[in-house]
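*Asks:* 3D model of this:
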Amino acid sequence: ARAFLQQFCRTCTLVEEANAITHEIRPRDRLEFFPEVVTDVLNADSPKMPECIICLKRKATGKQRLRAIIREKVLKQSAFTKFMHDVGLKSEDSEQTVALLTLDAFKERMKQLRDVYQAYYRGGIAAIDFSCPENDPWLELT
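*Replies:* Here you go, the predicted structure:
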């Protein structure tokens, strides 16, 4: 458990760095990295430790949030919708998952983010060419 917590703390530091770079270079894209913990709840007796993954999410626009608030507060809701809201789940997510990364994949992505930041620092936003998908560390390449 201690090893996992240490790893998770180190991961959170990397996530903070990734978000700082993201907010500096792409402030209007509403992108943010989140650390999450994954475990096998159906096989609780397994000695396998939980794993840390990183989610890249795109937050909703103001228009999308306003629609969700109107739908939630003004329009008539079914009992199921009310229940989902009460337990913290919403029918329309305020965030869209762009990418799910293992810790190793995220560390590789961090190298790309740092390279992009160095190019941005030296030459501004014009120095970065996002027209090629392999140059955009915020894209999920499939």
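*Asks:* So which residues make contact with the longest helix along the chain?
*Replies:* Ranked by number of residues, the top helix in the chain under DSSP state H is helix 2-25. Residues outside helix 2-25 that contact it (C-beta atoms under 8 Å, 6 or more residues apart in numbering): 29, 31-35, 37, 49-50, 52, 54, 103, 106-107, 109-110, 113-114, 116-117, 120, 125, 128, 138. C-betas here are computed from N, CA, C, even on glycine.
*Asks:* ditto for stretch 31-42
*Replies:* Counting by C-beta under 8 Å, 6+ apart, stretch 31-42 makes contact with 8, 11-12, 15, 18-19, 22, 46, 48, 50-59, 98, 106, 138, all of which sit outside it.
*Asks:* Let's test this: name the helix or strand in this structure with the lowest mean pLDDT.
*Replies:* Among the secondary structure pieces of the chain, namely its helices and strands, helix 79-86 has the lowest mean (mean pLDDT, DSSP states H and E), a mean of 65.
*Asks:* Quick one: residues contacting the residue nearest the centre of the chain.
*Replies:* The central residue of the chain, meaning the one whose C-alpha is nearest the mean C-alpha position (C-alpha atoms, centre = their mean), is Leu56 at 2.5 Å. Taking C-beta under 8 Å, 6+ apart as the criterion, Leu56 is in contact with Leu31, Glu32, Phe33, Phe34, Thr97, Val98, Ala99, Leu100, Leu101, Trp138, Glu140.
*Asks:* circling back to that earlier point, the contacts of helix 2-25 in helices, which ones?
*Replies:* Per DSSP H, the subset of the contacts of helix 2-25 in helices is Leu103, Phe106, Lys107, Arg109, Met110, Leu113, Arg114, Val116, Tyr117, Tyr120.
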